[in-house]
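Participant: Kindly return the folded structure for what I paste below:
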Amino acid sequence: MASTPERRRFSAAAIVVAVCAAFLLGGWFLKAQCLDPWSDSHQYESLCYNDIQALYQARGIQERTFPYIHGSFDSATNELVDGAIEYPVLTGLFMYAAGAGANDANGYLVLTALLLAPFGLLIAYLLGKLEGLRALMWAASPALVLYSFHNWDLLVVAAVVVGFYAYRRDQPLIAATLFGIGAAFKMYPAFFVLALVVASLARRDVKEALVRAGVGGGVFALINLPFIIANRDGWWATYGFHRVRGPNYDNIWTLLPDMTPDDLNLVTGLLTLIGFAVALGIGVMRARREGIFPTVPICAALLAAFMLFSKVHSPQYTLWLLPFFVLVRVNLLWWIAYAAADLLVYVGVFRFFFDLTQETGGTLAEDAMELGIWLRAALLLALFVVFLRSSATPSDRLVSHPFPTVEPVGEAAELTATER
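Facilitator: Prediction:
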């Protein structure tokens, strides 16, 4: 018979999964409104817009054009053509495979939702096993209703959560593997491979760092290599498109003075690198001081920095952040505040798009959108600090190995003696 703690973990996970199923159903009811014709900007007015239907024809899924192999990036128009897709290869393959069972955009939405839902439930189950009822911050999040079937991000979030689940079980190489796989869905899990590598370097274990980097990077390379060989231009179209694109509407860079794509790339890239350097540097300092590299909080901070400074902040990126509210064990009020700001952005953006189609000029929706964008940015900056100050998680305590010590001299020796 299972022990009492095991039964409690299973019961908590079961509750979390049940709640998640209810919220996924709510997400379906929201997006199912878009099964009606997209006339008179119905998709914006009813807040049911989703990329799944929008890209069904635009990315060649309807015509069964195999992604990457046949596509390319038209530098004259800055458009993806002939089946090229703006997402890394595993997302593109999923999009293509789901299209095999659909005859139109409506059928594609239905089938894609059915295929994505189990990933949302898997995330709920694993977070419930790891953190008990705290995982309700995933399962009962308004973002799950808004974004589960907005894009394909449940796939990458599942890869990330499985990776952290493996990490909790002292399997960092499996975690690196999952993060490498995740980066082939959306790029951000690559940041977590970097954190694993720096954690090893902080212990001065160069061999371990190289192995972790090789596993994460190698998996990503192996997934991408066939497409690079088959059609390098089609594979590169994804990244060429993002290099020249401007900021999206729900983004601080839209509200700031215009910049050329090259200038914007430079500014956002430098700010992101600074954020990463600060986060990783603090992680190393904490490891020296505390004897544990706080990998999970550092991963959360890296993601917050990226989301804050990136020129593209798509609505569904909120799903990326949600597991860290659970894993890092931040105060519930941060989750509530972020959910409120995110909801303000979502409603504001799509009602603003509706107002644009109606040519109504400046509206309350536009004001709500801008307020939500600034609130969300402020919260991301605050969360960056909160994550960096958070205690190392049980995963970090299990996986971390003793850090090398250096005998202090001079004033440092006196300080150390005082602390002892």
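
Participant: which residues sit against stretch 205-220?
Facilitator: 172-173, 176-177, 179-181, 183-184, 190, 193, 196-198, 200-201, 401 (C-beta atoms under 8 Å, 6 or more residues apart in numbering). Every C-beta, even on glycine, is put in place using the N, C-alpha and C of the backbone.

Participant: Show the buried residues in the residues you listed.
Facilitator: Listed as buried from those are 172-173, 176-177, 179-181, 183-184, 190, 193, 196-198, 200-201; burial here means 16 or more other C-beta atoms under 10 Å.

Participant: one step back: can you tell me which of the contacts of stretch 205-220 are in helices?
Facilitator: 172-173, 176-177, 179-181, 183, 190, 193, 196-198, 200-201 (DSSP state H).

Participant: Would you mind listing the two of the residues you listed that lie farthest apart?
Facilitator: I181 and L201 (23.1 Å; C-beta to C-beta).

Participant: what's the most distant pair in the buried ones among the contacts of stretch 205-220?
Facilitator: A184 and L201 (24.6 Å).

Participant: Not counting sequence-adjacent ones, nearest residue to I228?
Facilitator: With C-beta to C-beta, 6 or more residues apart in numbering as the criterion, I228 has its nearest non-adjacent residue at 5.0 Å, and that residue is W235.

Participant: buried sites along the helix or strand encompassing the one you found?
Facilitator: Remark: W235 resides in helix 232-244, with elements defined by DSSP states H and E. Going by neighbour count (16+ other C-beta under 10 Å), the buried part of helix 232-244 is 234-238, 240-242.

Participant: Taking the residues you listed together, which two end up most distant?
Facilitator: G234 and H242 (14.9 Å).

Participant: on that earlier part again, compile the buried residues of helix 232-244 into TSV and extend it with columns for distance to T357.
Facilitator: Below are the buried residues of helix 232-244 laid out as TSV (distance: C-beta to C-beta, whole Å):
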residue	distance to T357
G234	33
W235	35
W236	34
A237	29
T238	29
G240	30
F241	25
H242	27
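
Participant: okay if I get these as a markdown table plus distance to E366 and pLDDT?
Facilitator: Compiled in a markdown table, the buried residues of helix 232-244 are given as follows (distance: C-beta to C-beta, whole Å; pLDDT from 0 to 100):
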| residue | distance to E366 | pLDDT |
| --- | --- | --- |
| G234 | 38 | 91 |
| W235 | 38 | 94 |
| W236 | 36 | 93 |
| A237 | 33 | 92 |
| T238 | 31 | 92 |
| G240 | 32 | 91 |
| F241 | 27 | 92 |
| H242 | 26 | 91 |
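
Participant: and which of these is nearest to W152?
Facilitator: Closest to W152, out of all of the buried residues of helix 232-244 and judged by C-beta to C-beta, is T238, at 13.8 Å.

Participant: these two touch, right, that closest one and T91?
Facilitator: No - judged on C-beta atoms under 8 Å, T238 makes no contact with T91 at a distance of 9.5 Å.

Participant: For the two, list the residues in contact with both.
Facilitator: With C-beta under 8 Å, 6+ apart as the test, T238 and T91 both reach I85.

Participant: Geometrically speaking, which residue is the centre of this protein?
Facilitator: W320 (2.9 Å; C-alpha atoms, centre = their mean).

Participant: Low-confidence stretches in the protein?
Facilitator: The chain contains residues with pLDDT under 70 at 1-3, 361-362, 394-420.

Participant: Let me see the ranges of the strands in it.
Facilitator: 72-74, 79-81 (DSSP state E).

Participant: what lines up beside the first one in the sheet?
Facilitator: Right, strand 72-74. Counting by DSSP bridges, the strands paired with strand 72-74 are strand 79-81 (antiparallel).

Participant: Now do the buried residues in the strand it pairs with.
Facilitator: Buried residues in strand 79-81 (16+ other C-beta under 10 Å): L80.

Participant: How about residues contacting it?
Facilitator: When contacts are defined by C-beta under 8 Å, 6+ apart, strand 79-81 is touched by residues 59, 71-74, 86, 237, 241.

Participant: Out of those residues, grab the one that's most surrounded.
Facilitator: When neighbours are counted by other C-beta atoms under 10 Å, A237 leads the contacts of strand 79-81 with 26 neighbours.

Participant: List the contacts of it.
Facilitator: With C-beta under 8 Å, 6+ apart, A237 has these contacts: 68, 71-73, 80, 84-85.

Participant: And C34, by the same measure?
Facilitator: 42-43, 46, 48-50, 53, 109.

Participant: leaving aside the residues next to it on the chain, what's closest to A382?
Facilitator: Closest to A382 by C-beta to C-beta, 6+ apart is W334, at 7.7 Å.

Participant: For the one you found, list the residues it contacts.
Facilitator: Contacts for W334 (C-beta under 8 Å, 6+ apart) come out as 325, 379, 382-383, 386.

Participant: quick one: it from F73, how far?
Facilitator: From W334 across to F73, the span is 39 Å (C-beta to C-beta, to the nearest Å).
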